[in-house]
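Here is a sequence with its predicted model. Questions after.
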Amino acid sequence: MKQIKVLGRGCANCRNTIQLIQEVATAHGEAIELEKVEDIQAIARHGVMSTPGVVIDGTVVHAGGMPSRDKVEGWFAGA
Amino acid sequence: MTALAHRWTREHPQLLLILGAALWLALYRTLIPASEALVALLPVARDSHLGSALQFFFYDTPKVLLLLTGIVFVMGMVNSYFTPERTRALLAGRAAGVANVMAASLGVVTPFCSCSAVPLFIGFVQAGVPLGVTFSFLIAAPMVNEVALTLLLALFGWKIALLYLSLGLTIAIVAGWIIGRLRLEAYLEDWVRELPPAQVLSDDGTVHLQDRIEAGINNVRDVVGRVWPYIVAGIAIGAAIHGYVPQDFMASIMGADRWWSVPLAVLMGIPMYTNAAGVIPIVQALLAKGAALGTALAFMMSVIALSLPEMVILRKVLKPRLIATFIAVVASGILVVGYVFNAVL
């Protein structure tokens, strides 16, 4: 099971990102553990400079703005 | 439809750009006469209070929104050349002075949203960008943004827009330089100073033209989608002022001969958080009623550059003394701008 964290302080883009990831994961029939990280210190430790950022299993895969649907599909493709 | 547009962007990016520009220009050419015709059709006398308010509203709203869409799209494409990571790599390890100028200029073209001001701040400091240089960036980024510049261009003309751009950059450069000279690194919150230094990577992934076009479209959806209600509300209030507030009414409160009007305008601006989009149309209307340009500029800059909510977020990384210094230095800069303009113009 993938552990996915969305880093961001509750702006519209962060909420949309979470929704998009959930949608795509459901479409691929994959169970994920989705966590929303709003704490500034935690975000800083991941080295993300522009939110929303996306971390999958400890690796930063996206930062800055909402990821495109294609990009999110890509995270689930090989599984 | 979207699928078709998507394929088009992939296969003929240049053609799409040219078509889009032509369509935009055609719209711009027809919208202005159309809005005039619309007001002429309304059963109100043009020189009545309501008539002049409606004319202002119907004339300016389409003009501003169309200009905004065009400029925000282009900025979205420009932004894709300046990711925060690349900007950081350009600034890391540079000495103050030139770096302050670079940081302020990069602040204009690097995508920036106040909700990621803090992660960005930390990212810069962690990578060894000097504190003063980081502040130059952090002051310029929100103050000199495309939305503010577009509204100034549409409502005040290019001279005032250019003036605002150069003054905003000057304040950011000088204020950042002063903060750097004061050596306030000790007033960063302890946890920020204890973070491990970040390695500076600049990603050199190739970005195609179609990706930049998509970035432009996304920027329009994001920015225009967020600010249009503020713009419409701002223009509506501005229209009411245009139609109903007597001529020269503002001269007694915001006129150039009232020395206290500039500091008052700056103070009033700090707790206000109606981004540039809402405040500029109102300021334009006040100006028409006799407010002085310096006072109006000071008010605008204060609203945009010094906002209370942003201070609350910054408090997580800065100790109170550094925040106080930041506010004091920027506010002084804005005061100087206000006074100089009232004196010169």
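Ah, there it is. Since the structure is predicted, the reported quantities are computational estimates derived from the model, not experimental observations.

And the closest residue to B:I241 other than its chain neighbours, what's its pLDDT?
Once flanking residues are discounted, B:I241 sits nearest to B:A285: 3.8 Å by CB to CB, 6 or more residues apart in numbering or on different chains. For glycine as for every other residue, the C-beta is placed from the backbone atoms N, C-alpha and C. B:A285 is assigned 85 on the pLDDT scale.

Was I right to think B:A285 contacts B:H242?
Yes. Using CB atoms under 8 Å, B:A285 is in contact with B:H242, at 5.2 Å.

what touches both of those two?
In terms of CB atoms under 8 Å, 6 or more residues apart in numbering or on different chains, B:A285 and B:H242 are both contacted by the residues B:F56.

Just the buried residues of the helix or strand containing B:L264, please?
Here B:L264, judged by DSSP states H and E, is contained in helix B:261-269. Within helix B:261-269, the residues that count as buried by 16 or more other CB atoms under 10 Å in any protein chain shown are B:261-266, B:269.

Could you identify the most distant pair in these?
Distance extremes for the buried residues of helix B:261-269: the farthest pair is B:S261 and B:G269 at 12.4 Å, using CB to CB.

before we move on, back to that, so what's the residue nearest to B:I241 up against?
B:56, B:237-239, B:241-242, B:245.

Quick check: which element contains it?
Residue-wise, B:A285 maps onto helix B:276-288 under DSSP H and E.

What of A:V6?
Assigned by DSSP H and E, A:V6 falls within strand A:2-7.

Could I get the pLDDT score of whatever residue of the stretch 1-150 of chain B ends up closest to chain A?
Nearest residue of the stretch 1-150 of chain B to chain A: B:G123, at 3.6 Å (CB to the nearest CB). pLDDT recorded at B:G123 is 86.

so how many other residues sit close to it?
Applying other CB atoms under 10 Å in any protein chain shown, we find 26 residues neighbouring B:G123.

what's the closest non-adjacent residue to it?
Leaving aside its chain neighbours, B:G123 sits nearest to A:M49 (3.6 Å; criterion: CB to CB, 6+ apart).

coming back round to it: any idea which of the buried residues of helix B:261-269 is closest to A:D70?
After measuring these against A:D70 - CB to CB - the closest member comes out as B:G269, at 42.3 Å.

And the helices in the stretch 1-150 of chain B?
Assigned by DSSP state H, counting those that start in this stretch, the helices in the stretch 1-150 of chain B fall at B:2-11, B:13-41, B:49-79, B:84-91, B:98-109, B:117-126, B:131-143, B:146-156.

How much space separates the closest residue to A:H28 other than its chain neighbours from B:T61?
Distance criterion CB to CB, 6+ apart; nearest residue to A:H28, sequence neighbours excluded, is A:F76 at 4.4 Å. Relative to B:T61, A:F76 is positioned 43 Å away (CB to CB, to the nearest Å).

likewise B:V192?
44 Å.

so where is the chain shaky, pLDDT-wise?
Here I'm looking at chain A. For chain A, the stretches flagged by pLDDT under 70 are A:10, A:78-79.

switch to chain B, that's the one I care about
For chain B, the ranges with pLDDT under 70 are B:1-6, B:8-10, B:46, B:114-115, B:198-206, B:256, B:273-275, B:345.

Show me which residues of it sit near chain A.
Listed as neighbours of chain A in chain B under the rule CB under 8 Å from any CB of the partner chain: B:83-85, B:88, B:111, B:113, B:115-116, B:118-120, B:122-124, B:126, B:191-192, B:195, B:198, B:214, B:218, B:222, B:226, B:313, B:316-317.

give me the number of residues near B:D248?
Residues near B:D248, counting by other CB under 10 Å: 12.

Report the separation between it and chain A.
42 Å (CB to the nearest CB, to the nearest Å).

Give me the secondary structure label for that residue.
With DSSP: H, G, I helix; E, B strand; the rest coil as the basis, B:D248 sits in coil.

B:P197 now?
In three-state terms, and counting by three-state DSSP, B:P197 is coil.

what residues are up against it?
Residues in contact with B:P197 (CB under 8 Å, 6+ apart) are B:126-128.

still on that earlier bit, between A:F76 and B:T61, which has more neighbouring residues?
Taking neighbours as other CB under 10 Å, A:F76 and B:T61 compare with B:T61 leading, 20 against 17.

what secondary structure does the residue of chain A at minimum distance from chain B sit in?
Going by CB to the nearest CB, chain B is nearest to A:M49 of chain A, at 3.6 Å. Three-state assignment for A:M49 (three-state DSSP): coil.

What values do phi and psi take at the residue nearest to B:L286 when sequence neighbours are not counted?
The shortest distance from B:L286 to any non-neighbouring residue, by CB to CB, 6+ apart, is to B:M250 (5.1 Å). Reported as degrees, to the nearest 10, the phi and psi values for B:M250 are phi -70, psi -20.

any chance you could map the helices in chain A?
Under the criterion DSSP state H, chain A contains helices at A:12-27, A:40-45, A:69-77.

so which of those is the most packed in?
helix A:40-45 (a mean of 19; mean count of other CB atoms under 10 Å in any protein chain shown).

Check whether it comes into contact with chain B.
Yes. Contact of helix A:40-45 with chain B (CB under 8 Å from any CB) involves A:40-41, A:43-45.
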